[in-house]
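Student: Okay, sequence plus prediction incoming.
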Amino acid sequence: MASLRYISQAVCLFGIVLFIDWLDLGNWSSVHKKNHVLLREEISVDAAKEEPFEKAMPTRGGHWEYDETKHSPYTFSAAVCNETYITIGDCTKTASSCPDNLMHWRYVTADGKQYPKFNVAGFRSAMRNKRIVFVGDSTARQQVQALIWTLGHREVIWFIYDPPFVLNEKACKTQRYCMIDDIGNVTICYQSMGSMCTKMYREGNFTLVHSLRGFGDTSCLLYDKLTHKLIEFDLVFVQGITWWQGLPRLLNSTTSPFDWVSELVPTVYKDAMGKLLSNLSGKTKTVLVLGQVGTECLNKTEPEEFDPDNIPALYGWSLAPKMWKALLKYLDEEKMDLQIVDARDPVMQSVHAHPWPDCLHFCMNSAAVNIYLDIYWNEVFSSYAATEH
């Protein structure tokens with residue numbers, strides 16, 4: 001049995017030589033404690049239950065309804081999570097803190113229709129032989145995790161790409177995790193992104209030096225070398241806001257006072273995200289995702305209406321509306337060639353789907369994290385061929 005197992009691994013590794021070469025993995029490794037190959041069959045997907053594609057409907061103004069008959073895209077399993085995770089916390093928090101009925105919620109649009117579900121067969125057809133990367137914080141990572149489970153994977157080899165250079169005398173903490181969906185030959189990657197900055201900001205005696213934040217500085221993503229690697233993907237999702245929101249607390253000092261940095265954060269965010277998106281715009285299919293920030297989730301058992309004026313100030317979360325406004329205004333002025341996907345209404349209504357006391361991330365067994373995939377199918381994947389660059 002041992003020799004057969006090693007033969008299987010050798011065949012698997014030989015089959016992805018081109019994949020590794022394309023990623024330019026001068027410093028790559030498979031990350032799981034165990035070397036597991038991908039399953040060659042769909043596991044949790046019932047093709048007979050897949051719904052035909054309907055014209056995309058907007059999510060704004062909709063609401064969640066509880067429906068025990070709703071078909072779940074996958075059944076969360078701690079055992080499967082332990083064989084497929086990027087970060088183990090997504091497994092442990094869900095297993096210990098999340099009720100098992102969170103998939104029974106369905107999102108209903110403003111006109112009373114159920115929002116169309118992610119279509120597995122349609123995704124594999126539209127994205128066959130393509131390469132997709134989700135660039136963002138840990139909320140984007142959770143979406144990638146949900147995607148591979150929805151595709152039926154119970155065992156995964158993640159390959160890691162480490163940027164081969166140093167930023168501010170420290171290693172650039174923006175690892176890329178990649179796997180291959182064999183059935184569709186789709187490469188799916190997650191690229192971690194913290195906060196970024198394009199320059200040092202000065203006003204009178206005050207200065208904002210972003211590198212002083214230390215861990216979480218991923219400004220290297222703005223470098224040409226990494227931008228060129230992202231352009232090699234066929235489809236790039238960009239999402240992230242939470243790391244910037246912590247800057248006032250992290251940089252607070254006599255030369256970078258909390259209130260001054262708080263006022264400056266929307267500009268810092270706009271400048272950095274604007275540069276990253278400008279580097280990608282027109283060179284590959286690029287999607288900016290407007291998604292979740294932290295919320296009040298203590299003792300919440302049902303969704304609640306989203307009010308952007310009531311986002312908690314904790315961890316700087318309440319800065320989000322100003323940050324969104326600054327970036328969207330800039331993108332409108334620049335007329336960039338990119339798509340904007342707005343998932344804020346359904347995800348910010350999902351106050352019941354967080355693993356308390358973590359009111360930022362979602363339970364991995366919830367419809368809340370999976371609504372992202374539904375939206376991506378309806379607004380991006382289903383029409384990819386028509387918009388392909």
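Tutor: Noted; the coordinates are in hand.
Student: Next up, the contacts around residue 239.
Tutor: 134-137, 139-140, 288-291 (Cβ atoms under 8 Å, 6 or more residues apart in numbering). All C-beta atoms are positioned from the backbone trio N, CA, C, and that covers glycine.
Student: sorry, that was for residue 118
Tutor: Taking Cβ under 8 Å, 6+ apart, one finds 73, 150, 370, 373-374, 376-377 in contact with residue 118.
Student: So which of those belong to helices?
Tutor: Using DSSP state H, the members of the contacts of residue 118 that fall in helices are 150, 370, 373-374, 376-377.
Student: tell me which of those is nearest to residue 304?
Tutor: Of all the ones in helices among the contacts of residue 118, residue 370 has the smallest distance to residue 304: 18.9 Å, by Cβ to Cβ.
Student: wait, what's in contact with the closest one?
Tutor: Taking Cβ under 8 Å, 6+ apart, we find residue 370 in contact with 73, 103, 118, 146, 150.
Student: need the next SSE after the lengthiest helix in the chain, C-terminal direction.
Tutor: Longest helix of the chain, by residue count under DSSP H: helix 258-280. Proceeding N to C from helix 258-280, the next assigned helix or strand is strand 285-290, under DSSP states H and E.
Student: Could you check how far that next one is from the centre of its chain?
Tutor: Here the centre of mass of C-alpha atoms in strand 285-290, compared against the chain's by Cα atoms, centre = their mean, to the nearest Å, lies 11 Å away.
Student: got the angle for it vs helix 258-280?
Tutor: For strand 285-290 against helix 258-280, the angle by axes from the mean of the first three to the mean of the last three Cα atoms, to 10 degrees is 160 degrees.
Student: now for strand 285-290, which elements pack on it?
Tutor: If you count contacts as 3 or more Cβ pairs under 8 Å, 6 or more residues apart in numbering; DSSP states H and E, strand 285-290 packs onto strand 235-239, helix 258-280, strand 339-342.
Student: Pipe these into TSV and attach distance to residue 310 per row.
Tutor: Shown next, in TSV, are the helices and strands packed on strand 285-290 (distance: least, Cβ to Cβ, whole Å):
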stretch	distance to residue 310
strand 235-239	22
helix 258-280	18
strand 339-342	18
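Student: Determine which stretch of the ones you listed is the most buried.
Tutor: For these, average neighbour numbers computed from mean count of other Cβ atoms under 10 Å are highest in strand 235-239, which has a mean of 23.
Student: Residue 149 against residue 90, yeah?
Tutor: No: in this structure residue 149 lies outside contact range of residue 90 using Cβ atoms under 8 Å: 10.7 Å.
Student: So for the chain, the centremost residue is which one?
Tutor: In the chain, the residue lying closest to the centroid (Cα atoms, centre = their mean) is residue 140, at 1.3 Å.
Student: can I assume that one is in contact with residue 134?
Tutor: Yes: look at residue 140 against residue 134 with Cβ under 8 Å: they come within range, at 4.6 Å.
Student: what do these two both touch?
Tutor: 190, 237, 239.
Student: Are we agreed that the first one is in a helix?
Tutor: So the one you mean is residue 190. No: going by DSSP: H, G, I helix; E, B strand; the rest coil, the assignment for residue 190 is strand, not a helix.
Student: Contact partners for the nearest residue in space to it that is not next to it in sequence?
Tutor: Using Cβ to Cβ, 6 or more residues apart in numbering and skipping residues adjacent in sequence, the residue nearest residue 190 is residue 144, 4.4 Å away. Contacts for residue 144 (Cβ under 8 Å, 6+ apart) come out as 86, 134, 177, 188-190.
Student: Just put the residues you listed in a markdown table and tack on neighbour count and distance to residue 327.
Tutor: Formatted as a markdown table, the contacts of residue 144 follow (neighbours: other Cβ atoms under 10 Å; distance: Cβ to Cβ, whole Å):
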| residue | neighbour count | distance to residue 327 |
| --- | --- | --- |
| 86 | 22 | 26 |
| 134 | 29 | 18 |
| 177 | 21 | 26 |
| 188 | 22 | 26 |
| 189 | 22 | 23 |
| 190 | 28 | 22 |
